[in-house]
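Asks: Model the structure of this input:
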Amino acid sequence: MPVNCLSVPNPISYLVCYGIKDVENRTWRTDYRGTLYIHSAGRISFRGMPDFSRFPMPVMREFDTIMSQIQDIEQQSSYIGFVENGVTVMLQREEKQPISVINEYALLSDVYNHYRSEDQDPFFHAGAIIGSVELSDIVNNSDSAWAEEGKFHWVLSNPVRFKIPLANIPERSGIWKHEL
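Replies: Numbers count the residues shown, from 1 in each chain. Now for the predicted structure:
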C-alpha cells in the first residue's frame, strides 16, 4: 500500500509526531490534504535530550533547569541519594494543562524512560518513518508559535508516533510515496 510521506529534520520530526509542533513551515504549497507519514531525516541524535532551547517548549526548559540543578548538587557533593527509580518526572494538575504541555510531557516522559532503561538504541531515529499526521490546511497567517514569517504554514493535526519506526528509508524532497 503506497503512503504519502514528508521528510522532516531529526529531532524536529518527533515534535511533529507528538503534536508539539502543529505547523510545518515550507516554501511551497501543495493541493494534497490528508495523512502524511513523517520521515525523520538527518543524523541520529545522541541518547537523551537534544537541545530544544530555541523552540517554544516551556516544559522542556523546566526539565533542563531541574537536571542542571541536580548536576550542580552532584558536583558539589560527595554523595547524593535519589529515590530508587531515579528522578521522577511528573505532570501536575494534568486536567488543567493545555494540550501543548501534555504533548511536551509525553515526549519528555518517553525520552526520560528510554534513557533510564539504559537502552543502547537511540531514541531519536533518523532515516526512518516515525509516525503520521493529518495535513488539514495550508495557510500563510497561522498564529502558532511555530509559524515562521514568509513561509507557508502547513497545519498539522492528529499526530501519531509509531512505537516501532520503519527504519532504513532514505530521505526525499517534497511529498513522496513509500510502499508499506
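Asks: make it CA atoms for all contacts and neighbour counts henceforth
Replies: OK.
Asks: so where's the chain shaky on pLDDT?
Replies: Filtered on pLDDT under 70, the chain yields the residue ranges 43-55, 60-64, 66-90.
Asks: and the closest residue to Pro159 other than its chain neighbours, what are its bridge partners?
Replies: Once flanking residues are discounted, Pro159 sits nearest to Val133: 4.5 Å by C-alpha to C-alpha, 6 or more residues apart in numbering. Here Val133 shows beta-bridge partners Leu36, assigned using DSSP bridges.
Asks: what's the burial count for Val133?
Replies: Other residues lying near Val133 total 24 when counted by other C-alpha atoms under 10 Å.
Asks: Likewise for Gly34?
Replies: Counted with other C-alpha under 10 Å, the burial measure for Gly34 works out to 13 neighbours.
Asks: likewise Ile164?
Replies: Neighbour count of Ile164, defined by other C-alpha under 10 Å: 10.
Asks: mind listing the helices for the protein?
Replies: Chain-ordered helices for the chain, with DSSP state H as the definition, fall at 12-17, 58-76, 99-116.
Asks: How many neighbouring residues does the residue lying closest to Ser7 once chain neighbours are set aside have?
Replies: Ranked by C-alpha to C-alpha, 6+ apart and with sequence neighbours excluded, the top spatial neighbour of Ser7 is His39, at 4.5 Å. Residues lying near His39 (other C-alpha under 10 Å) number 30.
Asks: Let me know the distance separating His39 from Glu104.
Replies: Applying C-alpha to C-alpha, to the nearest Å, the value for His39 to Glu104 is 20 Å.
Asks: now the angle between helix 99-116 and the longest strand along the chain, please.
Replies: Criterion DSSP state E: the longest strand present in the chain is strand 152-166. For strand 152-166 against helix 99-116, the angle between stretch directions is 30 degrees (axes from the mean of the first three to the mean of the last three C-alpha atoms, to 10 degrees).
Asks: List the contacts of the nearest residue to Pro165 once chain neighbours are set aside.
Replies: The shortest distance from Pro165 to any residue other than its chain neighbours is 4.7 Å, reached at Ile130 (C-alpha to C-alpha, 6+ apart). For Ile130, the contacting residues are 13-14, 17, 37-40, 161-166, by C-alpha atoms under 8 Å, 6 or more residues apart in numbering.
Asks: Among those residues, name the buried ones.
Replies: Those of those that meet the buried threshold are 13-14, 17, 37-40, 161, 165, by 16 or more other C-alpha atoms under 10 Å.
Asks: ok, back up a step: from Ser117, how far out is the residue nearest to Pro159?
Replies: When C-alpha to C-alpha is applied, the distance between Val133 and Ser117 equals 28 Å.
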